[in-house]
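> sequence and predicted structure, then a few things I'm wondering about:
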Amino acid sequence: MAKAESPFLIVNPKSYLYGEKSLELAKAADKTAKETGLQIYFTCPYADIRLIKENTENLIVCAQSMDSLTPGRGMGHVLPESLKEAGAEAVFLNHAENQKTVSELYATIKRAKELGMITIVCADSTVEAKAVACMDPDIVLAEPTDLIGTGKVADDSYTIETVKGLHEVNPDVLVMIASGVSTAEDCYNVVKLGADGTGATSGILNAPSPAQRIQEMAEAIVKAKNEKF
């Protein structure tokens, strides 16, 4: 059973990649995970989970979302057990592009725990992130929604205050800062400032070589962590 570790990198192509293109990038990320020893998550569409899991060895394959239902009725909803059996070891929840009600979010986190799946839960502000941390997810992604995809990273004080605030609420939660992160230098900075990990979509996919960008980001995160300790 996978366990969330610090530091980490999340490669999140959202729905820009699927099928063979998704697998191609996943294999590059898998190679980087092996070479650096860094915990790397790779998100993909539901239909690609099994394909990627069966063709990689070092990644944590991550579902883009899921619902809280149990086996039985629930036509059209995303069953946690089906994701787990396909090979997903982690799940994103409450992303700005697919938000949940508070009650459904809490119920889904509980379902993930029952199945031993790592939860990465998104929040739009430090206040919301603190509320999410009380639900005891593995990772809280605290990102101002208006910075997503802009290439503009939240200022240093946001990272420092968010990490401090979340650990006051839940010392065990890992903190991810990612909005606007697009370069290896961005990754280095947020981890050096106290974040446990980071990730990117456009910062990776828009790079001249997405595979090379993943490598650079992973190396920067490892470097930042080593310098901290």
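Cool, got the structure. Numbering: from 1, shown residues only.

> so how far is residue 15 from residue 66?
Remark: distance between residue 66 and residue 15 (CB to CB, to the nearest Å) = 16 Å. Glycine gets a C-beta too; all of them are placed from N, C-alpha and C.

> of the two, which one has the most company?
residue 66 (25 against 12; other CB atoms under 10 Å).

> contacts only, for the more buried one.
For residue 66, the contacting residues are 78, 79, 80, 83, 91, 93, 108, 111, 112, by CB atoms under 8 Å, 6 or more residues apart in numbering.

> check residue 32 too.
Contacts for residue 32 (CB under 8 Å, 6+ apart) come out as 38, 40, 211, 214, 215, 218.

> same check on residue 41?
Counting by CB under 8 Å, 6+ apart, residue 41 has contacts 8-12, 59-62, 90, 118, 120, 199.

> how about those in TSV, adding pLDDT?
Supplementary listing: the contacts of residue 41 in TSV, determined by pLDDT from 0 to 100:
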residue	pLDDT
8	98
9	98
10	98
11	98
12	96
59	98
60	98
61	98
62	98
90	98
118	98
120	98
199	96
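
> residue 62 falls within a helix, correct?
No. Read with DSSP: H, G, I helix; E, B strand; the rest coil, residue 62 is strand and lies in no helix.

> residue contacts, it?
Here residue 62 is in contact with 10, 12, 41-44, 88-92, 118, 120 (CB under 8 Å, 6+ apart).

> how about a cut-off of 10 Å?
With contacts defined as CB atoms under 10 Å, 6 or more residues apart in numbering, the neighbours of residue 62 are 2, 10-12, 40-44, 49, 52, 83, 88-92, 117-118, 120, 199.

> show me which pair in the contacts of residue 32 is furthest apart.
Spatially, the most separated pair among the contacts of residue 32 is 38 and 211, at 14.8 Å (CB to CB).

> the more surrounded of those two?
Between residue 38 and residue 211, counted using other CB under 10 Å, the more crowded position is residue 38 (20 against 16).

> ok, that one to residue 123 distance?
Distance from residue 38 to residue 123, by CB to CB: 24 Å.

> mind listing the helices for this structure?
19-36, 49-54, 80-86, 102-114, 126-133, 156-169, 184-192, 202-205, 210-228 (DSSP state H).

> in TSV: those, plus mean pLDDT.
Below are these laid out as TSV (pLDDT from 0 to 100):
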stretch	mean pLDDT
helix 19-36	98
helix 49-54	98
helix 80-86	98
helix 102-114	97
helix 126-133	92
helix 156-169	91
helix 184-192	95
helix 202-205	94
helix 210-228	96
